[in-house]
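Engineer: the following block contains a protein sequence and its predicted model.
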Amino acid sequence: MNSSDTSFLITIKSQGFNLLYFQLFEKKKILMVDASLLKNNSNSNDSISIFGASQMSKLFNKHFDFDYEIVNINPDVIALYWEKAIVKKIPVKLNQTINFQKQYQLYDTVKIEPDTISISGTKADLEQIMFLSTRSVVLNNISTSQNLYVDILRPYKFPKIKIFTTKIKLSIPVEKFTEAEIDVGVKVLDNNMKNIKLFPDKVRITYQVALKDFKKVNDEMFVVVTNINKIKTNK
């Protein structure tokens, strides 16, 4: 949780040739520290791990094989403050701009898989994160279905959170559409009167449908009603 020092300044003494060779030819080494092995002082609210000069000296000696003497290590101690992480599932928000070729449209909803992902972090951070956004997806002049993987954007305000899923699969179903017409009879709603006639008693509906579904459409799929009871009886 704290912004601790991330480096030690180690002063060593050795023969000049060893030091010169070390500076000229030795590659930079990263010394990995297993935090679970550090001395730990904890209570119900927080946890502190201590990494001191003696531990740094042992770690340093394991990685360098020339003769030298460690004169000084600064700082003497690095303290790491920990807070227990929790896990939370949050929705993914798609950032998209899609344009289609003429006569082509979205056939169904855009599917995101997974549409929720798990993140972990401190309780205070996770309480402020309501969703995660994807990188911007821009598709122009498309006429076929699309399947692609999109990166999840890490919230810059919360650099310490861990995101368990970094990509989502995006499925965009696209079909060619055509315009058609159909005549549908008008039904009278809540008719308390007798001898009602409608002129006309049918209406023509213009609709758009995917070409592959053209033959599936019939007049039973549409309902047109009129409420006669709203008409004044002397009209």
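Structural biologist: Cool, got the structure.
Engineer: apart from its chain neighbours, what residue comes closest to Asn147?
Structural biologist: Take Asn147 and drop its neighbours on the chain: the residue closest to it by Cβ to Cβ, 6 or more residues apart in numbering is Ser171, 5.4 Å away. C-beta coordinates here come from the backbone N, C-alpha and C atoms, glycine included.
Engineer: who's in contact with Leu9?
Structural biologist: Going by Cβ atoms under 8 Å, 6 or more residues apart in numbering, Leu9 touches Asn72, Ile73, Asn74.
Engineer: looking at those residues, spot the one nearest Ile196.
Structural biologist: Distance to Ile196 across the contacts of Leu9 (Cβ to Cβ) is lowest for Asn74, with 97.6 Å.
Engineer: for Phe22, see how far away that closest one is.
Structural biologist: Separation of Asn74 from Phe22 (Cβ to Cβ, to the nearest Å) stands at 19 Å.
Engineer: what sits against the residue lying closest to Lys162 once chain neighbours are set aside?
Structural biologist: Closest residue to Lys162 in three dimensions, ignoring its sequence neighbours and counting by Cβ to Cβ, 6+ apart: Ser120, at 4.7 Å. The contact partners of Ser120, by Cβ under 8 Å, 6+ apart, come to Ala85, Ile86, Val87, Lys88, Leu126, Ile161, Lys162, Phe164.
Engineer: one more time with 6 Å
Structural biologist: Ala85, Val87, Lys162 (Cβ atoms under 6 Å, 6 or more residues apart in numbering).
Engineer: redo those residues as a markdown table? Include distance to Lys111.
Structural biologist: What follows is the contacts of Ser120, written out as a markdown table (distance: Cβ to Cβ, whole Å):
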| residue | distance to Lys111 |
| --- | --- |
| Ala85 | 30 |
| Val87 | 25 |
| Lys162 | 26 |
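Engineer: please consider this matter closed, and thank you.
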